[in-house]
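Asks: Following is a predicted model, sequence given first.
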Amino acid sequence: GFQNAETMDLSHLDTSNVTNMDAVFANLDKLKELNLSGWDVQNVTKAAAMFSAAENLKKIQGLDNFNFASAMDLSNLLQGTALEMFNGFTTGDQLTNVSGMLGMMQHLTSADVSKMNLTNVNDMGSMFMSDNQLTSVKGFNQNTTQNVVNFSNMFSGTGLTTVDMNDFGGQKAQNLSGMF
């Protein structure tokens, strides 16, 4: 298998008909670099834990160009990886779950979700939880958080010193447990 792979170039793999990418690269703890340039993820509806616990994964070439147009669940997508920055990717309005998406990333210093359509997301629980180096989060506004019910542990254990709550709608919030 690929358990000992440190780099992978899968840029020429045809993914245009794939609908489920749950845990594809999960637990590949020796993996450091991944080339997914050119991947077509427009038909993917589920990508939960796609890279989860790939704890040495520092570079995912092509991630910034992903278009998860059909994705509903991106929970724990990058949880526990070694990425230092997250510049986002395009998503469609079907997306409802980003819980833990960027959580437990010990090297993450900045995250920008402005390219993502978060309008119908209802779960942002633990989205940045335990990102102790995280100092910058951009891209939230009242429209991106208007339908969120669960904000629990969203920023718990981060390195953030300032969170501007003027950018948060949260009209439907029901769970703020441990949010900070």
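Replies: The structure has been received and is ready for your questions.
Asks: Return the helix or strand in this structure with minimum mean pLDDT.
Replies: strand 136-138 (a mean of 92; mean pLDDT, DSSP states H and E).
Asks: quick one: buried residues of stretch 80-88?
Replies: For stretch 80-88, a neighbour-count test (16 or more other C-beta atoms under 10 Å) marks 80-83, 86, 88 as buried. C-betas here are computed from N, CA, C, even on glycine.
Asks: which one among these gets closest to N175?
Replies: Closest approach to N175 among the buried residues of stretch 80-88 (C-beta to C-beta): G80, at 22.9 Å.
Asks: Relative to N147, how far out is the closest one?
Replies: Noted for G80: a distance of 27 Å to N147, by C-beta to C-beta, to the nearest Å.
Asks: is it fair to say N166 lies in a strand?
Replies: No - read with DSSP: H, G, I helix; E, B strand; the rest coil, N166 is helix and lies in no strand.
Asks: Contacts for stretch 51-67, please.
Replies: If you take C-beta atoms under 8 Å, 6 or more residues apart in numbering as the criterion, stretch 51-67 is touched by 11, 23-42, 76-84, 87-91, 107.
Asks: could you flag which of those residues are buried?
Replies: 23-26, 28, 31, 34-36, 39, 41-42, 76-83, 88-91.
Asks: Any stretches of this protein with poor pLDDT?
Replies: Residue ranges of the chain with pLDDT under 70: 167.
Asks: mind redoing it with 80?
Replies: Within the chain, the segments meeting pLDDT under 80 span 1, 141-143, 162-170.
Asks: Spatially central, which residue of the protein would that be?
Replies: Nearest to the mean C-alpha position of the chain, by C-alpha atoms, centre = their mean, lies M101 at 3.6 Å.
Asks: if you skip the residues just before and after it, what's nearest to that one?
Replies: The spatial neighbour of M101 that comes closest, neighbours along the chain excluded (C-beta to C-beta, 6 or more residues apart in numbering), is L77 at 4.8 Å.
Asks: who touches that neighbour in this structure?
Replies: L77 makes contact with 47-52, 98, 101-102 under the criterion C-beta under 8 Å, 6+ apart.
Asks: Most neighbours among those, which one?
Replies: M101 (29 neighbours; other C-beta atoms under 10 Å).
Asks: That one contacts M129, correct?
Replies: No - applying C-beta atoms under 8 Å, one finds M101 not in contact with M129, separated by 10.2 Å.
Asks: Beta-bridge partners for K59, please?
Replies: Assessed by DSSP bridges, K59 has beta-bridge partners E33.
Asks: Now do it against F51, distance only.
Replies: As judged by C-beta to C-beta, K59 and F51 stand 11 Å apart.
Asks: sorry, back to before: cross the buried ones among the contacts of stretch 51-67 against strands and list the overlap.
Replies: Among these, the members found in strands (DSSP state E) are 34-35, 90-91.
Asks: Right, I'll call it a day here.
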